[in-house]
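A.B. asks: Next one to model:
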Amino acid sequence: MDPGGRGLAIPDLDLSPEEIQLRFERLQARLVPLWKSIRSFNQDPQTIVVVPSMSLDAAAVAGAQMQAYEERFLFLLLLLRQPRAELVYVTSQPIHPSIIDYYLDLLPGVIASHARRRLHLIAPEDSSPRPLTEKLLERPRLLERIVSLIRDRDRAHLVPYNTTHLELRLALSLGIPMYGADPRFFPLGGKTGCRRLFAQEGVPHPAGAEGLTGMDEVAEAIARLRAEKPAIRGVIVKLNEGVSGEGNASVDLSEVPPPGAFGEMEEIFRRLRSMTFELADLTYESYAEQLQRRGGIVEERIAGVDLRSPSVQLRITPLGDVELLSTHDQLLGGPGGQKFLGCRFPADVAYGPAITREAAKIGRRLAREGVLGRFAIDFVVVRRQEDSSGGPSGPPSPLADGWDAYAIELNLRKGGTTHPFLTLQFLTDGRYDPETATFTAPSGREKFFIASDHVSSPLYRAFTTEDLFDLVVRRGLHFDQTRQTGVIFHMMSALAECGSVGLTAVGDSHADAEALYRKAIAALDEEAAAAAAPRPLPGA
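C.D. replies: Okay, here's the model as predicted:
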C-alpha cells in the first residue's frame, strides 16, 4: 500500500488464517495514535467509513426494511460537526436527499453546505436480503471508489454495525482499521459464551445450562434444573446466535410431574414440542435443526410482580480503557415478551448504578481479553418479594432498594439503544454519570428519552418522507436546539412501503419524554386516518 492511501489491497485468499489475523492486528494497531488524536478534540483531518451491515441477521429483513435499518445510524452524520472530518456512508440503495437534509439541519453550529461537501454516499444499488458488507466485497470497483475517498489511511477507520469475518475482510480490503470487536471474540457474545463469562466473573445470572446441541440435551438440562429448583415454572431456550430475542423459545413447566417422578421426562419433551417461539414462522423441527447446528442454552425464566429488562452500554477504547456509557430500560414485546421494541433512557435509578457495577466486571474482563468497541449487557431485574419470615425470597442480591438482578446476554456489537443515545449525546453535548444513572446537558438540565424502531401502522403507508416532514413542522414535533427537547425521526425510508418509522423523543423528565412520544404517535395516527378517509372526486 502506498503511504497516501490510494490503491485497493484486497487480501490474498490463499493466506493462512494466522497470516490474515496478523495482518488484521497490524492494521488495528493504527487505532491507538488515531484515538489519542480524536480524544484530544483537535481539528486533525480524519475519514470515517460507516458500513451498517446487519451481517448477523440480514435474512430476517429485506427491501425497504433493510434500507431503513442501514439508515438507522445516520445520526453519525452529526460527526460532521468536526470541520475537517470526512464521512463515507454506505447503504444498499441510495438515500433519499430529503433524509440527508433532515440530519444535516440538526447539526448545531455548522453550515449545512460545508458539511455536505464532506459527506460521501455510496450504494451498490442492491436490495437483495444479504449483508451489505458482502455486497461491497463482490464489487471491487465500488471498493476502489471508497478507497479514493480516504485521504490518509493513517487517519481513517471503519465503523461497522457488527463485526464478522466479512467486516474483517472489508477492513483489510480498504486498508483501514475497524472500530469493533475482532471476530475471533464472537463466541464470547453468544449465549453459551456469555453465561460462562458471567459465572467466571461472579455476575449473577439465571440458573441454567449452556453448550447444548440437541433437544435431548435440553430436556436433560431442564430435568437437572428442576431437581435443583423444583419451584421453577418455566424456562427459556435460546440459540447461541439469536438476535433481538428472535432465537428464544419459552417452555411452560407448570404442572409437570415432580422432579424424578414417573412421566417427568415424557412431559418435558411434550412441553418442548409445544414451546412458544418469538419468531412467528419457526416450527419445532426448524428450531431443533438450528439448535443442533448453532448450539444454545436453557435457563430459568425469571418471574415476578414487577419485572423489568434494563441494559448497560459500555465501550473499550483502543487504549484499553473501559467506559460506562449508559443504561436503558428496554421495551419488549412479541409472543413471549422477549423481542426488543424500544427503550427508555436512563434506566431507573433504583438499580441503574448497581447493574452498571456488575457490567463493569465484564467490561474489565473483555478489556483483558483484547476486545475493542461498543457492547451491551442485558439484565432482568425483579422486585424482591418478602416471604412469611420477613426475608427475601430471591437469591442474595448486590442491589439496593429491594431489587434482584440477573445478567442474561452480552451483545458484542451496536444495538437498538446505540443510535438514540448517541443522537442525544451529539445533539446536546451532555454527559452520562454512571454513579447516579443521570444524563446532564451543559445547561445543567437532566435529559431523558424514549425511543423505538417499531412505530408502525398499515395506515402510515399513506405518508411519503416529505409528508412526514410537513407533519413534524405543523405539529411542533421538531427537535428544538434551544430547549434541547423534541422528536428525532429515523428509519424513514420504510414509511411508505412498510408503514413503519423510528423515533426518539427527548424531554427534561421521563414524563416529558413519554408525553412527546405519545404526541408524535397521536399525530401520525390522526393524519394517517385523515389521509385514508374517503374524499369526493373532483366535480362530483
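A.B. asks: From here on, just use CA atoms for contacts and neighbour counts.
C.D. replies: Will do.
A.B. asks: Next, give phi and psi for residue 353.
C.D. replies: Note on residue 353: backbone dihedrals following degrees, to the nearest 10 are phi -60, psi -40.
A.B. asks: can you tell me the helix or strand for residue 489?
C.D. replies: Per DSSP states H and E, residue 489 falls inside strand 486-490.
A.B. asks: following that strand, which helix or strand comes up?
C.D. replies: Where DSSP H and E defines the elements, the next helix or strand beyond strand 486-490 is helix 495-498.
A.B. asks: Now do that following helix: distance to the chain's middle.
C.D. replies: Distance, stretch centre to chain centre, for helix 495-498: 22 Å (C-alpha atoms, centre = their mean, to the nearest Å).
A.B. asks: before we move on, what about stretch 419-432?
C.D. replies: Computed by C-alpha atoms, centre = their mean, the chain-centroid distance of stretch 419-432 equals 16 Å.
A.B. asks: Dump that stretch to CSV, keeping only the CA atoms.
C.D. replies: Only the C-alpha atoms of stretch 419-432 are listed here, as CSV (Å, rounded to 0.1, in the frame of the first residue of the first chain):
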residue,chain,number,x,y,z
HIS,A,419,-28.4,5.2,17.9
PRO,A,420,-30.9,7.1,20.2
PHE,A,421,-28.2,7.6,23.0
LEU,A,422,-25.6,8.8,20.6
THR,A,423,-28.1,11.1,18.9
LEU,A,424,-28.9,12.6,22.3
GLN,A,425,-25.2,12.9,23.1
PHE,A,426,-24.2,14.5,19.8
LEU,A,427,-27.2,17.0,19.9
THR,A,428,-26.7,18.1,23.5
ASP,A,429,-23.0,17.6,24.3
GLY,A,430,-24.3,16.2,27.6
ARG,A,431,-22.7,13.6,29.8
TYR,A,432,-23.9,10.4,31.5
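A.B. asks: Could you list the buried residues of that stretch?
C.D. replies: Going by neighbour count (16 or more other C-alpha atoms under 10 Å), the buried part of stretch 419-432 is 419-428, 430-432.
A.B. asks: cool, and stretch 290-297?
C.D. replies: For stretch 290-297, by 16+ other C-alpha under 10 Å, it's 290, 291, 294, 295, 296, 297.
A.B. asks: Wait, the second one touches residue 237, no?
C.D. replies: No. Taking C-alpha atoms under 8 Å as the definition, residue 291 is not a contact partner of residue 237, at 9.4 Å.
A.B. asks: re the thing from before, any chance of the buried residues of stretch 290-297 in a markdown table, plus pLDDT?
C.D. replies: What follows is these, written out as a markdown table (pLDDT from 0 to 100):
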| residue | pLDDT |
| --- | --- |
| 290 | 92 |
| 291 | 94 |
| 294 | 91 |
| 295 | 94 |
| 296 | 95 |
| 297 | 96 |
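A.B. asks: Show only the entries of these found in strands.
C.D. replies: Those of the buried residues of stretch 290-297 mapping onto strands are 296, 297, per DSSP state E.
A.B. asks: can the buried residues of stretch 290-297 go into TSV with extra columns for distance to residue 98?
C.D. replies: Shown next, in TSV, are the buried residues of stretch 290-297 (distance: C-alpha to C-alpha, whole Å):
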residue	distance to residue 98
290	42
291	44
294	42
295	44
296	44
297	45
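A.B. asks: Residue 320 sits in which helix or strand?
C.D. replies: Using DSSP H and E, residue 320 maps to neither a helix nor a strand.
A.B. asks: likewise residue 99?
C.D. replies: According to DSSP H and E, residue 99 maps onto helix 97-104.
A.B. asks: who's in contact with that helix?
C.D. replies: Identification of contacts with helix 97-104 by C-alpha atoms under 8 Å, 6 or more residues apart in numbering yields 74, 75, 77, 78, 112, 115, 116, 465, 466, 492.
A.B. asks: pLDDT score for residue 409?
C.D. replies: Residue-level confidence at residue 409 comes out at 94, pLDDT.
A.B. asks: Repeat that for the one 5 residues further on.
C.D. replies: pLDDT recorded at residue 414 is 84.
A.B. asks: Hmm, it is touching residue 162, no?
C.D. replies: Yes. Here residue 414 lies in contact with residue 162, judged by C-alpha under 8 Å, at a distance of 6.5 Å.
A.B. asks: Tell me which helix or strand in this structure has the weakest average pLDDT.
C.D. replies: When the helices and strands of the chain are scored by mean pLDDT, DSSP states H and E, helix 31-39 comes last with a mean of 84.
A.B. asks: quick one: buried residues of stretch 361-378?
C.D. replies: Buried residues in stretch 361-378, counted by 16+ other C-alpha under 10 Å: 361-364, 366-367, 371-378.
A.B. asks: can you list contacts of that stretch?
C.D. replies: Stretch 361-378 is contacted by residues 179-182, 185, 197-198, 201, 203, 309-318, 320-322, 359, 407-415 when judged by C-alpha under 8 Å, 6+ apart.
A.B. asks: Of those, just the buried ones, PyMOL syntax please.
C.D. replies: Of the contacts of stretch 361-378, the buried ones go into a single PyMOL selection, burial set by 16+ other C-alpha under 10 Å:
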select buried, resi 179+180+181+182+185+197+198+203+309+310+311+312+313+314+315+316+317+318+320+322+359+407+408+409+410+411+412+413+414+415
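A.B. asks: among the contacts of stretch 361-378, which are in helices?
C.D. replies: 197, 198, 359 (DSSP state H).
A.B. asks: between the residues you listed, which is closest to residue 514?
C.D. replies: The nearest member of these to residue 514, counting by C-alpha to C-alpha, is residue 359 at 27.1 Å.
A.B. asks: do you know how far the spatially most central residue of the chain is from residue 371?
C.D. replies: Residue closest to the mean C-alpha point of the chain, counted by C-alpha atoms, centre = their mean, is residue 415 at 0.7 Å. With distances taken as C-alpha to C-alpha, to the nearest Å, residue 415 is found 17 Å from residue 371.
A.B. asks: And residue 444, by the same measure?
C.D. replies: Distance from residue 444 to residue 371, by C-alpha to C-alpha: 34 Å.
A.B. asks: cool, and residue 341?
C.D. replies: Using C-alpha to C-alpha, residue 341 is found at 28 Å from residue 371.
A.B. asks: Flag the shaky bits of the stretch 401-540 of the chain, pLDDT-wise.
C.D. replies: Applying pLDDT under 70 to the stretch 401-540 of the chain picks out residues 401, 535, 537-540.
A.B. asks: What are the boundaries of the helices in it?
C.D. replies: All helices of the stretch 401-540 of the chain, identified by DSSP state H, counting those that start in this stretch, fall at 418-428, 465-474, 495-498, 510-532.
A.B. asks: got CSV for those, with distance to residue 221 too?
C.D. replies: Below are the helices of the stretch 401-540 of the chain laid out as CSV (distance: least, C-alpha to C-alpha, whole Å):
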stretch, distance to residue 221
helix 418-428, 35
helix 465-474, 51
helix 495-498, 41
helix 510-532, 42
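A.B. asks: Let me know which of those helices is the nearest to residue 172.
C.D. replies: Distance to residue 172, taken as C-alpha to C-alpha, is lowest for helix 418-428 among the helices of the stretch 401-540 of the chain, at 25.5 Å.
A.B. asks: what's the angle from the closest one to strand 486-490?
C.D. replies: When axes from the mean of the first three to the mean of the last three C-alpha atoms, to 10 degrees is applied, the directions of helix 418-428 and strand 486-490 differ by 130 degrees.
A.B. asks: and helix 418-428, how far out from the chain's middle?
C.D. replies: Averaged C-alpha coordinates place helix 418-428 at 14 Å from its chain's average position (C-alpha atoms, centre = their mean).
A.B. asks: same check, this time on stretch 185-200
C.D. replies: Taking C-alpha atoms, centre = their mean, the mean C-alpha location of stretch 185-200 is offset from the chain mean by 18 Å.
A.B. asks: CA-only coordinates of that stretch in PDB, if you can.
C.D. replies: Presented in PDB, the C-alpha positions along stretch 185-200 are these (Å, rounded to 0.1, in the frame of the first residue of the first chain):
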ATOM      1  CA  PHE A 185     -14.200 -12.900  20.000                       C
ATOM      2  CA  PHE A 186     -17.600 -13.700  18.500                       C
ATOM      3  CA  PRO A 187     -18.200 -16.800  20.700                       C
ATOM      4  CA  LEU A 188     -18.000 -14.600  23.900                       C
ATOM      5  CA  GLY A 189     -21.100 -12.800  22.700                       C
ATOM      6  CA  GLY A 190     -23.000 -16.000  22.100                       C
ATOM      7  CA  LYS A 191     -25.400 -17.200  24.700                       C
ATOM      8  CA  THR A 192     -23.100 -20.000  25.800                       C
ATOM      9  CA  GLY A 193     -20.100 -17.800  25.900                       C
ATOM     10  CA  CYS A 194     -21.700 -15.000  27.900                       C
ATOM     11  CA  ARG A 195     -23.100 -17.400  30.500                       C
ATOM     12  CA  ARG A 196     -19.600 -18.800  31.100                       C
ATOM     13  CA  LEU A 197     -18.300 -15.200  31.400                       C
ATOM     14  CA  PHE A 198     -20.900 -14.300  33.900                       C
ATOM     15  CA  ALA A 199     -20.100 -17.300  36.000                       C
ATOM     16  CA  GLN A 200     -16.300 -16.700  35.800                       C
END
